[in-house]
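Undergrad: Fold the stuff below for me.
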Amino acid sequence: MYNFVLNIPTKILFGSESRKQLSSIVSSYGNKILLVYGEESIKKIGLYDEIIDSLKRQNAEIFELNGVASNPRHTKVDYGAKICKENGIDVILAVGGGSVIDCAKAISVTANEDCGCWDIITKKTPPHEAIPLITVVTVAGTGTEMNNSCVISNESLKIKRGYSNDLLYPKVSFMDPVLTFSVSTFQTACGCADMLSHVLDTAYFMPGDRMDMLCVVMESISKIIIRYGYIALREPNNYTARANLMWASTWALNGILKNGIRQPAVCHIIEHEISAYYDVNHGLGMAIILPKWMKYVLNSENACLFAQFGRAVFDIDSANNIECAELTIKKLEEFLYEMLGLNSKLSEIGITEDAFEEIAENVCWGGSIGGIKELVPQDIINILKMCM
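TA: Residues are numbered from 1 along each chain as shown. Now for the predicted structure:
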């Protein structure tokens with residue numbers, strides 16, 4: 001596990017003064033800009049007008065793609081790529097949260113190809129180049145502003161797929177915690193659940209040898225998420241809380257924590273399939289699934305992983321690994337459902353069991369999925385039923 005290559009080429013400008021350099025940096029990549037954003041939130045906080053005014057002072061020609069929704073669709077990506085092709089876009093500026101940035105990433109590699117986005121996401125067509133991408137983060141949670149991945153949904157096929165390619169790294173990302181002050185309580189909570197799930201599901205809960213240094217870092221990041229998530233919910237304009245969450249979110253999935261780790265992020269794969277069918281907020285879906293998965297896979301062999309996390313993060317005083325693991329799951333549930341106030345069951349957000357068999361097959365690709373315990377489709381169905 002100790003052999004790895006780490007190269008994160010994204011430049012980060014962090015802090016409340018960082019956006020003063022936005023227009024000059026964006027214009028350095030070209031004059032024709034595609035501005036990608038979601039609904040009306042960036043207009044409500046005045047960010048839209050600020051960006052448009054600053055870019056126009058640089059004599060930029062601005063094209064817009066708005067209305068990017070949670071769980072971005074491949075059709076939106078294709079439409080954005082069409083705008084790029086027809087107008088010779090030089091640089092893409094994504095302003096928003098993870099869905100907006102993921103959509104923009106997919107646009108950046110689709111715009112130079114003769115195929116649709118889905119052929120790239122499913123690896124039928126490898127991209128050869130990407131339009132430079134710059135991001136302005138307004139929601140902490142995904143970490144996509146400093147990694148080489150995106151997640152795109154295909155509504156017609158009811159499939160949600162992650163895709164990674166070094167071409168997807170943003171050139172520059174602007175991270176101003178002040179921009180997250182207006183994020184709703186629900187979205188803040190979902191963001192905290194999302195970033196914590198990145199630490200646990202993609203790197204911490206893994207079989208085999210682990211690098212102790214990275215484990216300590218992951219435990220520290222988890223403590224930060226728990227501590228400042230609680231504060232941010234009660235003091236939304238607390239700069240210290242928002243800054244810590246924003247940077248913790250980036251570190252949770254920018255590749256630093258996964259050095260040498262090769263394992264499937266099982267809970268993420270399950271949640272992606274759930275979202276493909278029911279369009280669930282990703283952080284909320286992870287909050288519901290993660291503790292149930294932990295309960296289902298817990299055994300005498302992997303209890304030490306959960307126990308180590310509980311002792312380091314929740315200060316659980318128990319020498320018995322099984323007992324400590326069970327208490328760890330309980331503490332995690334208290335954080336997600338009581339402190340953050342998120343739903344604990346899929347049934348509470350209108351999901352039924354109708355598609356569970358198909359979802360389970362998609363998760364396991366008709367076979368099985370690994371991790372700290374190998375799971376077959378029936379196991380996935382069992383976990384999903386626990387979530388009800």
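
Undergrad: excluding its backbone neighbours, what's nearest residue 254?
TA: Leaving out its chain neighbours, the residue that sits closest to residue 254 by C-beta to C-beta, 6 or more residues apart in numbering is residue 146, at 4.1 Å. Bear in mind the C-beta positions are built from the backbone N, C-alpha and C, glycine included.

Undergrad: mind checking how far that neighbour is from residue 255?
TA: For residue 146, the distance to residue 255 (C-beta to C-beta, to the nearest Å) stands at 8 Å.

Undergrad: So which of those two has more stuff around it?
TA: More neighbours surround residue 146 than the other of residue 146 and residue 255, with 23 against 20 (other C-beta atoms under 10 Å).

Undergrad: wait, that one sits on residue 14?
TA: No - using C-beta atoms under 8 Å, residue 146 is not in contact with residue 14; the gap is 10.6 Å.

Undergrad: Secondary structure class of residue 299, three-state.
TA: coil (DSSP: H, G, I helix; E, B strand; the rest coil).

Undergrad: How about the contacts made by it?
TA: By C-beta atoms under 8 Å, 6 or more residues apart in numbering, residue 299 lies in contact with residue 373.

Undergrad: Quick check: neighbours shared by residue 146 and residue 255?
TA: residue 8.

Undergrad: got a list of what the spatially most central residue of the chain touches?
TA: With distances taken as C-alpha atoms, centre = their mean, residue 142 lies nearest the centre of the chain, 2.7 Å away. For residue 142, the contact set (C-beta under 8 Å, 6+ apart) comprises 97, 98, 101, 102, 191, 194, 195, 249, 253, 282.

Undergrad: What separation do you get for the residue nearest to the first one when sequence neighbours are not counted and residue 378?
TA: Leaving aside its sequence neighbours, residue 97 sits nearest to residue 139 (C-beta to C-beta, 6+ apart; 3.1 Å). As judged by C-beta to C-beta, residue 139 and residue 378 stand 36 Å apart.

Undergrad: picking up where we left off before, can I assume the residue nearest to the centre of the chain sits in a helix?
TA: No - assessed with three-state DSSP, residue 142 is coil; it does not lie in a helix.

Undergrad: Okay, it and residue 375: tell me how far apart.
TA: Taking C-beta to C-beta, one finds residue 142 at 25 Å from residue 375.

Undergrad: Give the burial count for residue 253, as a bare number.
TA: The tally of other residues near residue 253 (other C-beta under 10 Å) stands at 26.

Undergrad: can you pull the pLDDT of it?
TA: We have a pLDDT of 95 for residue 253.

Undergrad: That one touches residue 150, doesn't it?
TA: No - using C-beta under 8 Å, residue 253 is not in contact with residue 150; the gap is 11.7 Å.

Undergrad: check contacts around residue 19.
TA: 13, 50, 136, 174, 176.

Undergrad: what do you get for residue 163?
TA: 106, 120, 121, 123, 149, 150, 151, 152.

Undergrad: if you set the cut-off to 6 Å instead, what comes out?
TA: Neighbouring residues of residue 163 by C-beta atoms under 6 Å, 6 or more residues apart in numbering: 121, 150.

Undergrad: before we move on, what about residue 229?
TA: residue 192.

Undergrad: Compute the number of surrounding residues for residue 58.
TA: When neighbours are counted by other C-beta under 10 Å, residue 58 comes out with 14.

Undergrad: swap in residue 208?
TA: Residue 208: 9 neighbours (other C-beta under 10 Å).

Undergrad: Kindly confirm my reading that it is in a strand.
TA: No - using three-state DSSP, the assignment for residue 208 is coil, not a strand.

Undergrad: Report pLDDT for it.
TA: 76.

Undergrad: And for residue 22?
TA: 96.

Undergrad: any idea whether it is helix, strand or coil?
TA: Once three-state DSSP is applied, residue 22 turns out helix.

Undergrad: any idea how far residue 181 is from residue 33?
TA: Taken as C-beta to C-beta, the span from residue 181 to residue 33 is 26 Å.

Undergrad: other SSEs contacting the helix or strand hosting residue 120?
TA: Applying DSSP states H and E as the criterion places residue 120 in helix 117-121. Counting contacts by 3 or more C-beta pairs under 6 Å, 6 or more residues apart in numbering; DSSP states H and E, helix 117-121 packs against helix 74-87, helix 98-110.

Undergrad: so where's the stretch 1-150 of the chain uncertain?
TA: 1-2 (pLDDT under 70).
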